[in-house]
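Novice: build the 3D model from these lines:
(chains A and B)
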Amino acid sequence: MSRRAQHIQQRLQQQVQTSISCREGHDSIILEGLVDNWAQVVRAGKLAAHEGYKGVVNRLAVDGLTLPPPRSPKFGDATLDGLHVDVLIVGGGVTGCALARELTRKSISVVLVEKEDDLATHASSRNNGMIHPGIEPHPGSSKAYFNVRGNAMYDTVAAELDVPFTRCGSLILYQERWERFLGPLFMARARQNGVPGVHLISRNDALALEPHLTQEFSAALHMPSTGIISPYLLTVAYAENAVRNGARVSLETMVVDMKVREGRITAVRTNRGTLYPRVVVNAAGLYADTVADMAGDQFFTIHPRKGEIIILDRKKGHLISHVVAKPRLLQVKSDTKGGGINRTIDGNILVGPNAVEQPFREDYSTDRDHIELMLRRYLPLVPELSPADLITYFAGTRPATYEEDFIVERSQYVRNLVHAAGIQSPGLASAPAIAEEVARLTVSALEEVTTVADNPTFDGHRRGIPEPERMLWEDRDALIHRRPDYGVIVCRCEGISKGQVMDALGSPIPVTSVDAVKRRVRVGMGRCQGGFCTPQVLRIIGEKNGEQLAAITKKGGDSFILAAETKSVRRAS
Amino acid sequence: MMVRNVDIAVLGAGPAGMAAALAAAQGGAITVLIERENHLGGILKQCVHDGFGLLRFGEKLSGPEYAGRFVHMVREAGLPVLTSTFVAEAHRNSEENILMLVDRSGVTELHAKVVVLATGCRERSARQVMIQGTRPAGVMTAGAAQYYVNVLGYLPTTRCVILGSGDIGLIMARRLTLEGAEVLGVFEAKSTPSGLSRNIAQCLDDFGIPLHLSRTVTRIFGDDHVEAVETAAVDEKMRPVVGTEERLCCDGVILSVGLIPENEVGEALGVPMDPVTKGPVMDQNGETQVPGVFVCGNAGHVNDLVDYVTESGERAGAAAAAFVAGRHKGRLLPVMVDSTVLLYAVPQFVDMDSPESHAVVYFRSREELGTTLVQVAARGEMVARHRYQHLRPPEMERLEIDLSLIPADATSLDIGTESIVAAEVKS
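Specialist: Alright, predicted model coming up:
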């Protein structure tokens, strides 16, 4: 063991627990042993980070704690069995889907596999939709590079993919006197990272931008390049455009094993058969370390960091337009952005997120204390907001590595593996730039074994599902004349029509669950939270897909909405 | 895009809206009844239990039967009805209301001298009562469960808990039991039930379903589908008490935790709302503080009997027709309640020059009270009084005031109470 590893081991034994041992492997530091609680696991991982290794592989176990296996499809078939493809992308989040579309610029075969019944079901949908300006990441980090670059690409990407996007700008309010000293620090950071247009502005200027804000602040930092988008709509749009250009998306498909021979992945086993890809891209989000391990190239560990977000009624959406945040003392070197309030592209106000380390990667439960704390902390930013405006809340987990930076690189040990891992916040803002770079790396790996030509028929434009509720009256009238279903409203809170639900069901990547429809056209996202429209959506899904109502799920798996026909129950009893 | 003009647009064809439209048409106004669903009757379609119409018709009807009588009258009267029609936007200019209607034929711009809001209410959802944990399938409002069972013919659960002892929750406890599901219990965070006494007796007691007062559902477990819930006792501030948690295995959580009047159209028209009732501030004829906008039924405040909903619709419809004919409201007296005893009273104002000789006031008590005398005073003079055997928050009470008894120089109507026999303390 090197002196460096010995040194780290000593420190962990002193500061965390004596049972911890360290060793080196794949240029990373590997932690092993048994500790008492999860906080110790995270603490040890953090202490071992930034010590000159490529990453921290944290194999510490907690006494008495068994982590559940990943949520996985409950069936198997041979749909993909024997398939030879140029590129296999593991993971249907925003990174994987943006990459899939980017790769279809080339004449190659691309298959994207996603274990859930829809795209963007984990970190890519469980965030606030913010396109960060790029001021938080440490200068010189991958995060800083991809964030600023990705942010600048959004106008083009959103226009090409027909996804609503706006550069709403953001404000950080300085409430305490001393916080003003953070201003110059942020300005310097903005210059280093290349964030455009950042200004320190007076309270009056900030109030001119946001008249409903609290008066309780002294100055603000204004970042005009901050944007807002629907993260799931964007992910779906990327995937749909990829499919249109020849990629294949296979949902409910989980990678369970890989065969590696002489430094190359030769076969990838899934629940739907074994594929033979030339290059594999690891965009597996919360399980990117597991996938890396399958290929024998784990040099990092994901530690899930939960964030909870509160959604307020769209009625109050007019009160702000910018993303408004409070500075956090640690924000300058923090692992994640500080919370605040922002308006979604659909006009709801979001409150949060917070950041809580937890052992469970897919545990999206919320906690009353956290929700109440965020309401107390952030609602006063806009005095006209009240807890009565709350319609729901949700949680997501950030796939953080201990180095807290993105991993965007070709594997050093497996020649046909590319990693796009540790893509936590600001991963959404960075996605277009990450996809560009990963595509470049993928093509370079592919060119080692075959020739790669441009795709002459590539068309990067996609048409989204019409949104009659946002149209001018004349246009809406004309649209309904062409297709009367756009005039049949099923979701009263959001004003969504049957036509839009039908479009979602018939979209290029077929979906069947209620939540998948909701992510595409917002039915059930309003103040009644699906109380009135869910039965209507069930009926439409049943009608369109020729399915029994009892077979329809909320979100795939066993999430059936109805238990049985009443008649059959009566007969049975 | 079509443009249409009417005297009166009634929004919502539930019991309130049908009654209002009938009364408005009878008053001679050109009236149209607008409904977003594809049938008339509103929520009554799924209320297959009986108990509707005792006051109105002197008999026990089911919801669909009660609605059916009014649907029949609407058809007989030849009232113009627009079903599957959605009000996508509403605003006012100086003299009328402009509604943008969307239906299968396109967009219609409807100009209405008067709008009658009969938009009903919606149910509060799980997160609005701070339930934590996961968001799996199997969590639904009682109204949604009722729709699944009574309209679609499906059971949404085989073994469930019900949170909240509101009437729909109690009705669904019985309904699900009759359909073969197991209802483990009804949990109510308050120390007294929220539903009518008759529903506690007929829906829970008769079926041996336990009612747990001062206890709530705090957490939901399960990834795809509900697998269990955590319940806990609550303190006086309704906060869960640590150490009282219990875990119950079930596949469904049904919520009956309160109704919220739906007033998005009213808000768009600039109608001021009462923070307590969550409905518009109104007079005894349902006229809001915006001239030419009336309200009736559950959009005004949540009622527990459909008979009162119909009554309020008739009054608002007749007054809306009078408004079209040129009548404007007279002097308004504010109705003040002793808010230590009463939760609220509606209307919030009484129009002293209303053509009707009596004004009807509805109110609810804040807590359970024994025999109580409720009195209305104006300038120190008693203008109405009534003795109630019991006052319970779930049971709305009705009181008539003879306007001719109110002194001309009165500045308010004050509703107070006098306890005659204290409420029995339940063991």
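Novice: report back the residue of chain B that's furthest from centre.
Specialist: With distances taken as CA atoms, centre = their mean, the residue sitting farthest from the centre of chain B turns out to be B:G243, at 36.6 Å.
Novice: got phi/psi on that residue?
Specialist: Here is the backbone geometry of B:G243 (degrees, to the nearest 10): phi 100, psi -10.
Novice: contacts only, for the most centrally placed residue in chain B.
Specialist: The centre of chain B sits closest to B:V302, judged by CA atoms, centre = their mean, with a distance of 2.5 Å. Residues near B:V302 by CB atoms under 8 Å, 6 or more residues apart in numbering or on different chains: B:121, B:259, B:261, B:277. Just so you know, the C-beta spots here come from the backbone N, C-alpha and C atoms, and that holds for glycine as well.
Novice: out of those, which touch chain A?
Specialist: The subset of those within reach of chain A, by CB under 8 Å from any CB of the partner chain, is empty.
Novice: including secondary structure, could the residues you listed go into JSON lines?
Specialist: Listed next are the contacts of B:V302 as JSON lines, based on DSSP: H, G, I helix; E, B strand; the rest coil:
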{"residue": "B:C121", "secondary structure": "strand"}
{"residue": "B:L259", "secondary structure": "strand"}
{"residue": "B:P261", "secondary structure": "strand"}
{"residue": "B:T277", "secondary structure": "coil"}
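Novice: just the helices in the stretch 51-200 of chain A please.
Specialist: A:94-103, A:142-161, A:182-193 (DSSP state H, counting those that start in this stretch).
Novice: check whether stretch B:173-182 comes near chain A.
Specialist: Yes - counting by CB under 8 Å from any CB, chain A has neighbours in stretch B:173-182: B:179-181.
Novice: helix, strand or coil for the closest residue to B:E262 other than its chain neighbours?
Specialist: Spatial nearest neighbour of B:E262, chain neighbours left out: B:T119 (4.6 Å); criterion: CB to CB, 6 or more residues apart in numbering or on different chains. The assignment at B:T119 comes out as coil when based on three-state DSSP.
Novice: what's the burial count for B:T119?
Specialist: Per other CB atoms under 10 Å in any protein chain shown, the neighbour tally for B:T119 reads 28.
Novice: and for B:G416?
Specialist: Quick note: B:G416 (other CB under 10 Å) scores 15 neighbours.
Novice: torsion angles phi and psi at it?
Specialist: Reported as degrees, to the nearest 10, the phi and psi values for B:G416 are phi -130, psi 170.
Novice: same question for B:V102.
Specialist: Backbone phi and psi, for B:V102 under degrees, to the nearest 10, turn out to be phi -120, psi 130.
Novice: surely it and B:E89 touch.
Specialist: No - taking contacts as CB atoms under 8 Å, B:V102 lies outside contact range of B:E89: 9.2 Å.
Novice: higher neighbour count, these two?
Specialist: Neighbour count, other CB under 10 Å: between B:V102 and B:E89, B:V102 has more, with 27 against 16.
Novice: that one bridge partners, please.
Specialist: Counting by DSSP bridges, B:V102 forms beta bridges with B:F86, B:V107.
Novice: kindly report the same for the one 10 residues further on.
Specialist: Note on B:A112: beta-bridge partners by DSSP bridges are B:V6, B:N97.
Novice: is it correct that it is in contact with B:N97?
Specialist: Yes - B:A112 is within contact range of B:N97, at 4.9 Å (criterion: CB under 8 Å).
Novice: so what sits against both of those two?
Specialist: With CB under 8 Å, 6+ apart, B:A112 and B:N97 have common neighbours B:A9.
Novice: tell me the secondary structure for B:K45?
Specialist: helix.
Novice: distance of it relative to chain A?
Specialist: B:K45 sits 12 Å away from chain A when distances are taken as CB to the nearest CB, to the nearest Å.
Novice: identify the residue nearest that residue in space, chain neighbours excluded?
Specialist: Counting by CB to CB, 6+ apart, the residue nearest B:K45 is B:P64, at 6.0 Å.
Novice: just confirm that neighbour is within a strand.
Specialist: No - according to three-state DSSP, B:P64 belongs to no strand; its state is helix.
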